[in-house]
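Engineer: Provided below are the primary sequence and the corresponding predicted coordinates.
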Amino acid sequence: MKDWIKKNRRALLWWGGLALLLAAAAVWILVRQAAPRGSRAKIVCGDTAEFYSLAEDGVFGLEADPSIRFEIRDGAIRFIESDCPDHICENAGFLSRRGETAACLPRRTVLTVIGGEEGGTDAVAG
């Protein structure tokens, strides 16, 4: 048996690595599917927090920084425009699950999908 293991060590490591990768992918998919959909978005820009319903489709800019624009479509939200140098925030895509977050660090803006229980305030200045 030891000779067989030594002889096939590379193949065993390759297949074991593949099995581990597939198991990790399956767990990630199951966790992602289990996350509840959010109903609101909280956008913090500097010291200001704004809340938006994900039920109404549209494109908008922030009151605190109109140069940052968002799109809400089919219960999901995404960054669509920012005048930051790298535009990483725009590559985050649509967010719809509670707890999902995207950030534009140069513009000090964080987008988080939340549930509807956080209150009815549309904008709060801090």
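Structural biologist: Right, received. Where do you want to start? From a predicted model like this one, the values you see are computed outputs, not experimental measurements. Numbering: from 1, shown residues only.

Engineer: any weak-confidence spans in this protein?
Structural biologist: Within the chain, the segments meeting pLDDT under 70 span 31-36, 116-126.

Engineer: Regarding it, what is its longest helix?
Structural biologist: Longest among the helix segments of the chain by residue count, using DSSP state H, is helix 9-34.

Engineer: List the buried residues of it.
Structural biologist: Within helix 9-34, no residue is scored as buried using 16 or more other C-beta atoms under 10 Å. Bear in mind the C-beta positions are built from the backbone N, C-alpha and C, glycine included.

Engineer: Quick check: what element follows it along the chain?
Structural biologist: As assigned by DSSP states H and E, the chain's next helix or strand after helix 9-34 is strand 40-45.

Engineer: distance between that next one and the chain's centre?
Structural biologist: 13 Å (C-alpha atoms, centre = their mean, to the nearest Å).

Engineer: How about stretch 30-50?
Structural biologist: Taking C-alpha atoms, centre = their mean, one finds the center of stretch 30-50 at 8 Å from the center of the full chain.

Engineer: what's the answer for stretch 50-61, then?
Structural biologist: Worked out by C-alpha atoms, centre = their mean, stretch 50-61 lies 16 Å from the chain centre.

Engineer: Show me the domain layout of the protein.
Structural biologist: By the assignment in automatic domain parsing, the chain contains the domains 2-34, 40-125.

Engineer: deepest of the ones you listed, which one?
Structural biologist: Stretch with highest mean neighbour count among those: domain 40-125 (a mean of 16; mean count of other C-beta atoms under 10 Å).
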